[in-house]
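[1] Return a 3D structure for these sequence lines:
(one chain, ligands or ions: 1)
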Amino acid sequence: MAYLKPDKPEKVFVPALREAKEKGEKLACLTAYDYPTARIVDEAGVDMILVGDSMGNVIHGYGNTIPVTLDEICSATKAVKRGASRALIIADMPYGSFHTGDDEAVRNALKLMKDGGAEAVKLEGGRNRVGLVNRLVDEEIPVMAHIGLTPQSVHKLGGYRVQGKTAEAAKILIEDAKMLEEAGAFAIVLELVPREVAEIITNELTISTVGIGAGSACDVQVLVLHDLIGFTFGRQPRFVRQYANVSEVITEAITRWMDDVRSGFYPSEKESYGLPDDVELGEPKKAASK
Ligand code: KIV
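    Have a look, this model is predicted:
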């Protein structure tokens, strides 16, 4: 087990995104929901970590993001914060945490910042969230917006489909992006939108676009870590490129361990503790007769 963290390059704060965009440098963002993955992702050099409500699908097995609670996001953010020292940490505002009024939304966002240690929050929605984004930014809470496919709207949308495919729908997305920039968002996630639409938005905004299933023009790419490393179940969306198969690695390790347990090969003497040489136990007591 390594106890020392390697030296970190400079910590990423919100303004770094604009600087990177101005220089034409692409950034990388991954999700993390716990200490070990945050630590691995951070030490690998990822620029931003999203404590996404995708945890609903990925680690809670809910099937969608609707049931995820503020407490779940807050607790995950605390763990991620302990594991990451360089990446910008963004906490997702879960369904229901910003829908009942701006005061309540501010309170919940502040909880993620104060208790969770988030450095920014993300929330889903277009023009309907412009007032709220404005308010949050006024309260010193950096906001990353999220348009295109917004998984919290799954029941309204009737599934997970590419958004902005007609000229009319694309125009609405582009307008929404501009309104959210105007409201003060420092970045906008574009999820499942045609690459041409993402390119227009990226070129027309001064803030960063964070693409997932939105093509290569976006300033930042984000993926769910578990998709990238093959630690998920079922069919993956077409935008996922799987770079490892961690599920297979885990299954193989467990299978080998079980074989060793069953054959008595595990644990060996090396993996157990003996008494000090000067301790004598004497004769073991006989079991009491019934
Ligand atoms: O919750 C999440 O992980 C997200 C990303 C997929 C952008 O919203």
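[2] sec struct for Ile64, please.
    I think there's a mix-up here, since residue 64 is Asn and not Ile. Under DSSP: H, G, I helix; E, B strand; the rest coil, Asn64 falls in the coil class.
[3] And the closest residue to it other than its chain neighbours, how close does it get to the ligand?
    Leaving aside its chain neighbours, Asn64 sits nearest to Val154 (5.3 Å; criterion: C-beta to C-beta, 6 or more residues apart in numbering). (Glycine included, C-beta is placed from N, CA and C.) Going from Val154 to the ligand by C-beta to the nearest ligand atom, to the nearest Å gives 12 Å.
[4] Pull the helix or strand in which Val154 is found out as CSV, backbone CA atoms only.
    Here Val154, judged by DSSP states H and E, is contained in helix 154-157. The C-alpha coordinates for helix 154-157 follow below in CSV (Å, rounded to 0.1, in the frame of the first residue of the first chain):
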residue,chain,number,x,y,z
VAL,A,154,-36.4,10.6,-18.3
HIS,A,155,-40.1,10.2,-17.5
LYS,A,156,-41.0,13.4,-19.5
LEU,A,157,-38.7,12.4,-22.4
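[5] quick one: Phe239 and Gly213 touch, right?
    Yes. In this structure, Phe239 is within contact of Gly213 by C-beta atoms under 8 Å, at 3.6 Å.
[6] Which neighbours do those two have in common?
    Common contacts of Phe239 and Gly213 (C-beta atoms under 8 Å, 6 or more residues apart in numbering): Leu192.
[7] neighbour-wise, which of these two wins?
    Gly213 (22 against 16; other C-beta atoms under 10 Å).
[8] circling back: tell me the confidence at the residue nearest to Asn64?
    pLDDT for Val154: 95.
[9] Pull the contacting residues for it.
    So Val154 contacts 64-66, 160 (C-beta under 8 Å, 6+ apart).
[10] Same check on Leu136?
    Leu136 makes contacts with 105-106, 109, 121, 143, as judged by C-beta under 8 Å, 6+ apart.
[11] now Asn128
    Counted by C-beta under 8 Å, 6+ apart, Asn128 has zero contacts.
[12] Which secondary structure element is home to the nearest residue to Gln152 once chain neighbours are set aside?
    Among residues not flanking Gln152 along the chain, Tyr95 sits closest, at 4.4 Å (C-beta to C-beta, 6+ apart). According to DSSP H and E, Tyr95 maps onto no helix or strand at all.
[13] Begin at 42 from now on, thanks
    Okay, residue one is now 42; in that scheme the one you just asked about reads as Tyr136.
[14] how about JSON lines for the contacts of Val195, with neighbour count added?
    Listed next are the contacts of Val195 as JSON lines, based on neighbours: other C-beta atoms under 10 Å:
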{"residue": "Asn105", "neighbour count": "16"}
{"residue": "Thr106", "neighbour count": "22"}
{"residue": "Ile107", "neighbour count": "16"}
{"residue": "Tyr201", "neighbour count": "14"}
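[15] Can I get those residues in TSV including distance to His140?
    Shown next, in TSV, are the contacts of Val195 (distance: C-beta to C-beta, whole Å):
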residue	distance to His140
Asn105	16
Thr106	14
Ile107	12
Tyr201	20
